[in-house]
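Asker: Model the following, please.
(2 chains)
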Amino acid sequence: MSKNTPKAIRGTQDIFGADAEAFAFVVETFERVRKLYRFRRVEMPVFEKTEVFSRAIGETTDVVSKEMYSFEDRGGDSLTLRPEFTAGISRAFLTNGWQQHAPLKVATHGPLFRYERPQKGRYRQFHQIDAEIIGAAEPQADVELLAMADQLLKELGIEGVTLHLNTLGDAQSRDAWRAGLIEYFGAVKGELSEDSQERLEKNPLRILDSKDPRDKVFVADAPKIDAFLSDDALAFFGAVTSGLDAAGVKWERAESLVRGLDYYRHTAFEFIPDEGSAAAGALGSQSTVLGGGRYDGLMESLGGPATPAVGWAAGIERLAMLVGEKAEEPADLIIVVEDRSEAALVRATSALKSARLAGLSAEMIAEGSPRKRYDKAVKRSPRAIVSFEEDGHRVSGGDEGGPDLEKVLGL
RNA sequence: GCGAUCGUAGCUCAGUUGGUUAGAGCGCCGGUUUGUGGUACCGGAGGUCGGGGGUUCGAGACCCCUCGAUCGCCCCA
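Answerer: Next up, the predicted model:
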């Protein structure tokens, strides 16, 4: 590599070969399943006004306070490369009058950007698939959304991943729980890890997720959300869980599961690899494969009317790591030009065009040492090979190299 | 932002306590062998050993700095 060749930006990836096939497999499967569940496709801008994210996600979250790719455009507006889909979709819902379609089921996928230190399964430009149901307050929407996620993972052939489910209650429940946690952890503040002492100020719910053993001793006896749930919140969660059971979606209660962003209410969930599973090993420390929840308060933070909604997103790279090797399809036909004659090249070129018009995937080998061209073709394992020389051609493979192929190629 | 590990050919990697002209496999290019064929052989191109400085008679190897990558912490998909 020349020393003055520009390098790729840190945390970006050039995906090729088997990895690219796995990536495409995830997206194609998502598109298929999303249609099964009648989610409508949306395409969204990759960047928005910065306030779309800062207001929707919450100023104090790490995503907003230190992980956004923000810049000023030529008009002086602060813009940000989207760090997630939900905020942008919510903005679109409000600014395009999509209320008329509510309840609206939408799905999308594409690149997202977060200024973070890259590591296994985490990049600065990464890709997600995303599904949202907007304008639906009933627990059946949560069930619908999770049933799709569950089926998607199954159709991707991913095993050893379990739905971890929790409720954060409604706004009152969540606030009361939060106050309870601050009181409980505040009493032992000095014995918590440095990180958790900071979390106490910024996001006390996150202490429950801490991996630090100093915190874990207190987490076990921390106040549980269940003690703070209103009757409505409790009924809502019960309806979600019984719906999941009816839909045949396996789940586990995860009492300390909270999500990072301010806008979540009620249902919160993550699909996480089971301890010791192949999936857990493949993902390193980036364990969540698909996550989301209900965000009933988000629309109001963007200045819209109260609009209930649920959604999830999943990292395509992480899913691709779990779907196994996806080989590139072998060609239907490879055409070999076995000598340097003009006549052979002309007839081969013509046959190649005919093959493609007939719907066969085909490529031609006419470069390099003539003696080695056939071997190159064989190594690519095509379904059939047709080789040309100045005075004729030979067919091998296909359906016994039969007359059908010759006819298709006009030979 | 913090920590650990690692940077040798296009790719995967050897390279002894520091010692001549830095190697192999795969891939690439040319030739021979085979001749309905995934074979075998011969030859070739391709490296300022990530970059800079230092120690030394001598550095791919040791020291310092720097850049980059990987993995982890924080956070998150």
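Asker: going forward, measure contacts between C-alpha atoms and count neighbours the same way
Answerer: Will do.
Asker: can you give me the helices in the stretch 301-411 of chain A?
Answerer: Using DSSP state H, counting those that start in this stretch, the helices found in the stretch 301-411 of chain A span residues A:316-322, A:342-357, A:370-379, A:403-408.
Asker: Contacts for the longest helix seen in chain A next, please.
Answerer: Taking DSSP state H as the assignment, the helix of chain A that covers the most residues is helix A:17-36. Here helix A:17-36 makes contact (Cα atoms under 8 Å, 6 or more residues apart in numbering) with A:40, A:107, A:109, A:129, A:148, A:151-152, A:155-156, A:316-317, A:319-321, A:323-328.
Asker: what helices or strands is whichever helix or strand comes after it leaning on?
Answerer: With elements assigned by DSSP states H and E, the helix or strand that comes after helix A:17-36 is strand A:40-41. When contacts are defined as 3 or more Cα pairs under 8 Å, 6 or more residues apart in numbering; DSSP states H and E, strand A:40-41 sits against strand A:104-113.
Asker: A:Gly311 - nearest residue in space that isn't next to it in sequence?
Answerer: Nearest residue to A:Gly311, sequence neighbours excluded (Cα to Cα, 6 or more residues apart in numbering): A:Glu132, at 4.0 Å.
Asker: give the contact list for that neighbour.
Answerer: For A:Glu132, the contact set (Cα under 8 Å, 6+ apart) comprises A:Thr86, A:Leu104, A:Lys105, A:Val106, A:Ala107, A:Leu145, A:Ala309, A:Val310, A:Gly311, A:Trp312.
Asker: now, which of these sits nearest RNA strand B?
Answerer: A:Trp312 (7.6 Å; Cα to the nearest atom of the strand).
Asker: Isn't that closest one up against A:Ala131?
Answerer: Yes - with contact defined as Cα atoms under 8 Å, A:Trp312 reaches A:Ala131; the gap is 5.6 Å.
Asker: Tell me, how many residues neighbour A:Ala220?
Answerer: Using other Cα atoms under 10 Å, A:Ala220 has 11 other residues around it.
Asker: Need phi/psi at it.
Answerer: phi -50, psi -40 (degrees, to the nearest 10).
Asker: any idea how far it is from A:Leu205?
Answerer: Between A:Ala220 and A:Leu205 the computed distance is 13 Å (Cα to Cα, to the nearest Å).
Asker: shared neighbours, A:Trp312 and A:Ala131?
Answerer: A:Leu145.
Asker: Compare those two (neighbour count), which wins?
Answerer: A:Ala131 (29 against 24).
Asker: among the helices of the stretch 301-411 of chain A, which is nearest RNA strand B?
Answerer: Proximity to RNA strand B, assessed across the helices of the stretch 301-411 of chain A by Cα to the nearest atom of the strand, is greatest for helix A:370-379 (5.0 Å).
Asker: so, in contact with RNA strand B or not, the closest one?
Answerer: Yes - using Cα under 7 Å from any atom of the strand, helix A:370-379 reaches RNA strand B at A:Pro370, A:Arg371, A:Tyr374, A:Asp375, A:Lys376, A:Val378, A:Lys379.
Asker: isn't the first one right up against A:Val337?
Answerer: Yes - taking contacts as Cα under 8 Å, A:Pro370 lies within contact range of A:Val337: 7.4 Å.
Asker: Those two: who's more crowded?
Answerer: Ranked by neighbour count (other Cα under 10 Å), A:Pro370 and A:Val337 place A:Val337 first, with 29 against 15.
Asker: Now do the contacts for whichever residue of the stretch 151-300 of chain A sits closest to RNA strand B.
Answerer: Residue of the stretch 151-300 of chain A nearest RNA strand B, by Cα to the nearest atom of the strand: A:Gly260 (2.7 Å). Counting by Cα under 8 Å, 6+ apart, A:Gly260 touches A:Thr61, A:Arg206.
Asker: Same check on A:Gly243?
Answerer: Contact analysis of A:Gly243 by Cα under 8 Å, 6+ apart lists A:Gln140, A:Val143.
Asker: what about A:Glu183, which helix or strand?
Answerer: Using DSSP H and E, A:Glu183 sits in helix A:171-186.
Asker: elements contacting that helix?
Answerer: In terms of contacts (3+ Cα pairs under 8 Å, 6+ apart), helix A:171-186 is packed against helix A:194-202.
Asker: Could you list the buried residues of the helix it packs on?
Answerer: Across helix A:194-202, burial judged by 16 or more other Cα atoms under 10 Å covers A:Ser196, A:Gln197, A:Arg199, A:Leu200.
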